[in-house]
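Chemist: Take a look and give me a structure for this.
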Amino acid sequence: TMRINKFATTAPPGRAVASLATLLLPLLCSTSINAFSISATGGTNPKQPQSASAIINQAKQNLRQALKTNNYRTDTEAVQTAVRELADLNAPTNKADPCSSPLFEGDWLGLSAPTFPGRIEGTPDDVHKFTLGKMSFNQFQPTDLVCTVEHVVNPVTPIINDPDSSTDDEAVACFSYSVQSSISIATKCGNDLPALLITDGTCRPWTHTDEEDCIAGRAEVAFGGGSLEPVKDLIDDEGYTRLWGETFGVVTKQDQDVPQSFRYDVERPFKSFLDVLYLDEELRITQGQMGTIVIAKRVRKE
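Modeler: Next up, the predicted model:
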């Protein structure tokens, strides 16, 4: 059965890290509602026992319907019931250590609605707006710029460790785990400015050995920096470059014909954990340390 965990760790000192804890515990959220196309089979003969795949497909269909009915929010009873149904069907090989599963790697597109704090009210249910300050723990300015979240992708890529490295962190780390939010910034002049807000993270096996902390399906995540970047497909557009410079107070040098990226780093990365409730070839359901459920779909590479 699924747990709703309470936040039980002490965040590192510093305003940026404290804000990081508040913002990132949801881990992966998105407004890409139309991207949800999890497969489902049609009706089955009630006289015949359902196969395991048919039961899973029906559970996915139930989840899809619950999400659609509840504006893709995962904090509703109907969605959580559908999640529990799928979690009970999770393959045993994916329950013990998700980081060791070949299915863990990949690009994951968020399907559930954002649950980040500070959502701007008064917008339609399928539109999710936050200030740039809220989304970047006040690291990027102007902090009062309103950002609409278009979609969020979570690339999970194995980290190739240096065999000569003597640090424990590098020896244990197994995946990069960044959160890449495609946003549209409402600028002061009234034009929208597309951008990419990236939070850098790592994910590794849960290493706590205490019996009470030995939780199947748990992984440790850490976030320690990020960047605000222009959209690559637009950097050659003169109007886009000009708007970027005007918005962020950057004067483009004559020898620099592309918009400037911005970056911050946190001295002590914020660490948390996530529980992988369900994982297969196309769907991943996780629950963060504060109990926030996130549903994501694998992005197929062409």
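
Chemist: Which residue ranges of the stretch 1-150 of the chain form helices?
Modeler: 15-24, 52-69, 77-87, 92-95, 132-135 (DSSP state H, counting those that start in this stretch).

Chemist: Just the CA coordinates for the second one, please, in PDB.
Modeler: Right, helix 52-69. C-alpha atoms of helix 52-69 as PDB (Å, rounded to 0.1, in the frame of the first residue of the first chain):
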ATOM      1  CA  ALA A  52      -1.700  -9.600 -16.000                       C
ATOM      2  CA  SER A  53      -1.200  -7.200 -18.800                       C
ATOM      3  CA  ALA A  54      -4.900  -6.600 -19.200                       C
ATOM      4  CA  ILE A  55      -5.300  -5.900 -15.500                       C
ATOM      5  CA  ILE A  56      -2.400  -3.400 -15.700                       C
ATOM      6  CA  ASN A  57      -3.800  -1.700 -18.800                       C
ATOM      7  CA  GLN A  58      -7.200  -1.300 -17.100                       C
ATOM      8  CA  ALA A  59      -5.500   0.200 -14.100                       C
ATOM      9  CA  LYS A  60      -3.700   2.700 -16.300                       C
ATOM     10  CA  GLN A  61      -7.000   3.500 -18.000                       C
ATOM     11  CA  ASN A  62      -8.500   4.100 -14.500                       C
ATOM     12  CA  LEU A  63      -5.600   6.400 -13.600                       C
ATOM     13  CA  ARG A  64      -6.000   8.300 -16.900                       C
ATOM     14  CA  GLN A  65      -9.700   8.900 -16.300                       C
ATOM     15  CA  ALA A  66      -9.100  10.000 -12.700                       C
ATOM     16  CA  LEU A  67      -6.400  12.500 -13.800                       C
ATOM     17  CA  LYS A  68      -8.600  13.900 -16.500                       C
ATOM     18  CA  THR A  69     -11.600  14.300 -14.100                       C
END
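
Chemist: so it versus helix 77-87, what angle?
Modeler: 160 degrees (axes from the mean of the first three to the mean of the last three Cα atoms, to 10 degrees).

Chemist: now, of the helices of the stretch 1-150 of the chain, which is deepest in the fold?
Modeler: helix 132-135 (a mean of 22; mean count of other Cβ atoms under 10 Å). C-beta here means a position set from N, CA and C on the backbone, and glycine is covered the same way.

Chemist: Of all the helices of the stretch 1-150 of the chain, which one is nearest H151?
Modeler: helix 132-135 (13.9 Å; Cβ to Cβ).

Chemist: For the closest one, the averaged confidence score.
Modeler: Helix 132-135 carries an average pLDDT of 94.

Chemist: Need the residues that contact it.
Modeler: Outside helix 132-135, the residues that touch it by Cβ atoms under 8 Å, 6 or more residues apart in numbering are 23, 116-118, 140-147, 181, 183, 185, 197.

Chemist: Please pick the buried ones from those residues.
Modeler: Among these, those scoring as buried are L23, F116, F140, L145, V146, C147, S181, I183, I185, L197 (criterion: 16 or more other Cβ atoms under 10 Å).

Chemist: Regarding this protein, what is its longest strand?
Modeler: strand 262-279 (DSSP state E).

Chemist: following that one, which helix or strand comes up?
Modeler: strand 283-288 (DSSP states H and E).

Chemist: returning to what we had before: looking at the contacts of helix 132-135, which are in strands?
Modeler: Per DSSP E, the subset of the contacts of helix 132-135 in strands is V146, C147, S181, I183, I185, L197.

Chemist: In TSV: these, plus pLDDT and distance to Q65.
Modeler: As requested, the ones in strands among the contacts of helix 132-135 are arranged in TSV below (pLDDT from 0 to 100; distance: Cβ to Cβ, whole Å):
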residue	pLDDT	distance to Q65
V146	97	32
C147	97	30
S181	96	27
I183	98	29
I185	98	34
L197	97	31
